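Colleague: Dropping the sequence and predicted coords here.
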Amino acid sequence: MTPSKKYNIWLALCYEITNDLSHYYPGLRSNKVVKLVLKYCRRDWVLWKVASTLDSVDRDVARIQREWDAQRKSTRTNNRK
């Protein structure tokens, strides 16, 4: 599933980096510019995070389905012998 890209990757990354830096340097949280960046970029970050999580889940589901199919084939082969 590839939902239409409705976020700006640069704003999402800006949020991610700024948020990580503000955890490493707690004094940044009180900076007005940092607050504005976090507020302005949050929507794009949330949309990016959701999209990347869904892509990850889709890859995991596909992998699990391939493993199940392989197990079913091996079980059928073993039962026929």
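Modeller: Looks like it came in fine.
Colleague: quick one, strands of this structure?
Modeller: According to DSSP state E, the chain carries no segments that qualify as strands.
Colleague: Which elements pack onto the lengthiest helix in it?
Modeller: For the chain, the longest helix by residue count, based on DSSP state H, is helix 32-80. Contacting helix 32-80 under the criterion 3 or more Cβ pairs under 8 Å, 6 or more residues apart in numbering; DSSP states H and E are the following elements: helix 9-24. Backbone N, C-alpha and C define where each C-beta goes, glycine included.
Colleague: quick one: average pLDDT of the helix it packs on?
Modeller: Summarised as a single mean, pLDDT over helix 9-24 is 97.
Colleague: so Leu47 touches Leu11, yeah?
Modeller: No. No contact is recorded between Leu47 and Leu11 when judged using Cβ atoms under 8 Å, the distance being 9.6 Å.
Colleague: where does Gln71 land on pLDDT?
Modeller: 92.
Colleague: for the one 5 residues further on, same thing?
Modeller: Looking at Arg76, its pLDDT is 78.
Colleague: cool, the one 5 residues further on as well?
Modeller: Looking at Lys81, its pLDDT is 60.
Colleague: that older thread, could you check how far the longest helix of the chain is from the centre of its chain?
Modeller: Offset of helix 32-80 from its chain centre (Cα atoms, centre = their mean, to the nearest Å): 7 Å.
Colleague: now it against helix 9-24, angle please.
Modeller: Our comparison of helix 32-80 with helix 9-24, counting by axes from the mean of the first three to the mean of the last three Cα atoms, to 10 degrees, yields an angle of 100 degrees.
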